[in-house]
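Q: Here is the input, now give the coordinates:
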Amino acid sequence: MSWKLVARDVLWTTLGVGLGLAAGAGAAGVVTFEPEVDLSESATASTLNEISPQAVTVDGTGRVAVVWSEFPAEGGAPELMARVRQPDGSWTRSSQLTPSDGKYSGDAALAAAGGPVLVTWVDQGSGGFEVRTAVLHLDRLVLTASESLCEPTLLVMEPAIAAGPKGEVAVAWTTMVDMNYELRLRRRAAGESSFGPVEAVTPQDRRASDQIALAYGADSRLHLVWADNRSGVRRVLHGSLTVDSYTPPIEVSPVEGAGRQTRPCVTSTPDGRVYVAWMDSRSGEDAVLVAAASGKVFGAPLRAGKTGSAARSPCLVGAASGVHLLWEDSRHAAGDSASAQIYYARVIPGGLAEETPVTTDLPVSCFNPCLAAGANGALHLVWRNAGFGEGDIFYRGGRASGPWSPQ
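A: Just a heads-up that it's a prediction; the model follows:
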C-alpha cells in the first residue's frame, strides 16, 4: 500500500477544551518515584561513551527491558547493550547483544504486547545500513530470529516499533530516497511469522519526512505520526491504518507562519483516545505540546513547559492509569538553555497533574527521556545523564495511584 499522504506555568484553560476532557469528571492520584539507578554501572569501571537514544519496555510478567548502545572498546563501534529489571526490583548485569565486529549497531527501539520482547535497530553490514528486528530473550539476554527488514543502503535511521493487542507488529524507519528523507513501513499480522512487503508511508515528493513514531490502538488500528516538511516548514502529521484501510494524514495542530513542529510521539489509551505530543516553536521557543483526538479531529494543544525556557524531546505513554508525559525542560537552567532536566506530568481531566522534575542534577544535563507503563500503575523511566563519566543511562521506577477516567 502506498500513502499519499510545574503546574503554574501550564495553560490550564486550554486543556479542558483542547482535549475534550470534562473538568472534575475524574480524579488523579499521586505518582511516587523510586531512587534512580545508574544502568551503566558494572564491575569494571568505564569512561567509554554510552549513546542515546535508549529504549524501555515491559513484558507480560512485569520484567523491564532497557536497551542502549555503547562502545565496548575504545576506537571501536557502538554495540547494543541491555539490562533487565526483575519483578522483585533486582537488576541483571548488563549484557552485550550484538557482536564487536567494528560496525555500527544503534538507534534501538523495543515493543512488547503479551508476547516476546522485540527489538529493532539500525545495523551496519557489508553493503551499507539496514533495519533489523529480533526477539530479545530476557532470561538469557540474547537475540534470536534476527532478520533484515530492508535492503542495505546509504542511510536508514530512527526505526520505530509497535506491538498490537492481538500480537501484530509494525516497524517503520526513515530512509534516503533520491537524496531526500522518506518513511517506510513493514507489518506483521497477528499469528504470522514473517513481515509483509515494504510500504511507502510517504511519497517520493522531495519534501523531507522523518522522525516517525508508532502506536497501536485497542482496536488494532496503527497510528503513525511524523515530521513532514510541508511548504518548507516542519509540520507534524498523523495517519492511521488497519489491515485493509487507512486514514490519510492530517496536520495534528495547524499553525500559521514559520513555526516548526518536530519530534512527535503518539499513544493510545484503553478507551481508544489518541494522544500526540511534539516540540513546537510557534512562539519562538521550543515547547512540548499535547493534543488528543476525538474521532478524526485533534483538539487545541496544551503546552507543557515554562514560558521563556525550552521544553524538548517529549515521550508519551497511555495506560489504565492515565496518559503519562516525559520531556526535557530547561526552566532551572539559569540562562543556559543547553542544560536541562527530565520532567514528568500526567494528563488528567482539566489539566496536568504531578508536573515535577524527575532529575535534579543541575548544572549537568539529563536528556533523551523514554517511558513505559506496566500493570497496576507501574511506570518505568530512562534517560541519559551527561554528568557521569562520558554519559550514563539512568532508570527510575514510579507508580501512579488513584482513579483516572477520561470521561
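Q: Give me the pLDDT for residue 126.
A: The model reports residue 126 with a pLDDT of 83.
Q: Pull the number of nearby residues for it.
A: By other Cβ atoms under 10 Å, 6 other residues sit near residue 126. (Each C-beta comes from the backbone N, C-alpha and C, glycine too.)
Q: and the gap between it and residue 201?
A: When distance is defined by Cβ to Cβ, to the nearest Å, residue 126 is 28 Å away from residue 201.
Q: Where does the prediction get shaky in the stretch 201-350 of the chain?
A: Applying pLDDT under 70 to the stretch 201-350 of the chain flags the ranges 284, 332-338, 349-350.
Q: ok, 50 please
A: Applying pLDDT under 50 to the stretch 201-350 of the chain picks out residues 336.
Q: can you map out the strands along it?
A: Here the stretch 201-350 of the chain has its strands, by DSSP state E, counting those that start in this stretch, at 209-216, 222-230, 233-241, 246-251, 261-268, 274-280, 287-294, 297-298, 302-304, 311-319, 322-329, 341-348.
Q: Mean confidence (pLDDT) on the helix or strand where residue 144 lies, please.
A: Element membership of residue 144, judged by DSSP states H and E, is strand 142-148. Here strand 142-148 scores 96 as its mean pLDDT.
Q: Give me the sheet partners of the next helix or strand after it and which way each runs.
A: Scanning forward in sequence from strand 142-148 by DSSP H and E, the next helix or strand is strand 156-163. Partners of strand 156-163 in the sheet, by DSSP bridges, are strand 169-177 (antiparallel).
Q: From the chain's centroid, how far away is whichever helix or strand comes after the strand it pairs with?
A: Proceeding N to C from strand 169-177, the next assigned helix or strand is strand 180-188, under DSSP H and E. Centre-to-centre, strand 180-188 and its host chain are 17 Å apart (Cα atoms, centre = their mean, to the nearest Å).
Q: Show me what strand 180-188 is packed against.
A: Applying 3 or more Cβ pairs under 8 Å, 6 or more residues apart in numbering; DSSP states H and E, one finds that strand 180-188 makes contact with strand 169-177, strand 199-200, strand 209-216, strand 222-230.
Q: Could you export the ones you listed to CSV, including columns for distance to residue 184 and mean neighbour count?
A: Conversion of these to CSV gives the following (distance: least, Cβ to Cβ, whole Å; neighbours: other Cβ atoms under 10 Å):
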stretch, distance to residue 184, mean neighbour count
strand 169-177, 5, 23
strand 199-200, 6, 17
strand 209-216, 9, 24
strand 222-230, 11, 23
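Q: Can I get those in TSV including distance to residue 248?
A: Below are these laid out as TSV (distance: least, Cβ to Cβ, whole Å):
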stretch	distance to residue 248
strand 169-177	17
strand 199-200	13
strand 209-216	14
strand 222-230	11
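Q: For the helix or strand encompassing residue 134, output the C-alpha coordinates as CSV.
A: Secondary structure assignment for residue 134, by DSSP H and E: strand 128-137. Extracted in CSV, the C-alpha atoms of strand 128-137 (Å, rounded to 0.1, in the frame of the first residue of the first chain):
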residue,chain,number,x,y,z
GLY,A,128,25.5,-0.5,3.9
PHE,A,129,23.0,0.2,6.7
GLU,A,130,19.8,-1.7,7.3
VAL,A,131,16.9,-2.0,9.8
ARG,A,132,16.9,-5.3,11.7
THR,A,133,14.5,-6.8,14.1
ALA,A,134,14.9,-9.7,16.6
VAL,A,135,13.4,-11.4,19.7
LEU,A,136,15.1,-10.3,22.9
HIS,A,137,15.1,-13.1,25.4
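Q: could you give the angle of that strand to strand 142-148?
A: 140 degrees (axes from the mean of the first three to the mean of the last three Cα atoms, to 10 degrees).
Q: For strand 128-137, list every residue counted as buried.
A: 129, 130, 131, 132, 133, 134, 136 (16 or more other Cβ atoms under 10 Å).
Q: can you give me the helices for the stretch 1-150 of the chain?
A: Using DSSP state H, counting those that start in this stretch, the helices of the stretch 1-150 of the chain run over residues 12-18.
Q: my read: residue 144 touches residue 137, true?
A: Yes. Using Cβ atoms under 8 Å, residue 144 is in contact with residue 137, at 6.5 Å.
Q: Report the separation between the nearest residue to residue 375 once chain neighbours are set aside and residue 267.
A: Closest residue to residue 375 apart from its sequence neighbours, by Cβ to Cβ, 6 or more residues apart in numbering: residue 62 at 6.7 Å. Residue 62 sits 20 Å away from residue 267, going by Cβ to Cβ.
Q: Looking at the two, which is more packed in?
A: Between residue 62 and residue 267, counting by other Cβ under 10 Å, residue 267 is the more crowded of the two (25 against 14).
Q: separation between that one and residue 55?
A: Separation of residue 267 from residue 55 (Cβ to Cβ) stands at 15 Å.
Q: Check residue 213 too.
A: Distance, residue 213 to residue 55, by Cβ to Cβ: 12 Å.
Q: now swap in residue 378 and tell me
A: 17 Å.
Q: The two: which is more packed in?
A: More neighbours surround residue 55 than the other of residue 378 and residue 55, with 23 against 17 (other Cβ under 10 Å).
Q: and the closest residue in space to the more buried one that isn't next to it in sequence, what pLDDT?
A: Closest residue in space to residue 55, ignoring its immediate chain neighbours: residue 110 at 4.2 Å, by Cβ to Cβ, 6+ apart. pLDDT recorded at residue 110 is 98.
Q: Hmm, residue 110 is touching residue 59, no?
A: No. The criterion here is Cβ under 8 Å, and residue 110 misses it with residue 59 at 9.8 Å.
Q: hey, what's in contact with both of those two?
A: Applying Cβ atoms under 8 Å, 6 or more residues apart in numbering, one finds that residue 110 and residue 59 are jointly contacted by 65, 117.
Q: Which one of the two is surrounded by more residues?
A: Shown here are residue 110 and residue 59; by other Cβ under 10 Å, residue 110 has more neighbours (24 against 19).
Q: remind me which residues of the stretch 1-150 of the chain are low pLDDT?
A: Low-confidence segments of the stretch 1-150 of the chain, defined by pLDDT under 50: 1-28, 43-45.
Q: can you count the residues close to residue 80?
A: By the criterion of other Cβ under 10 Å, residue 80 has 24 neighbours.
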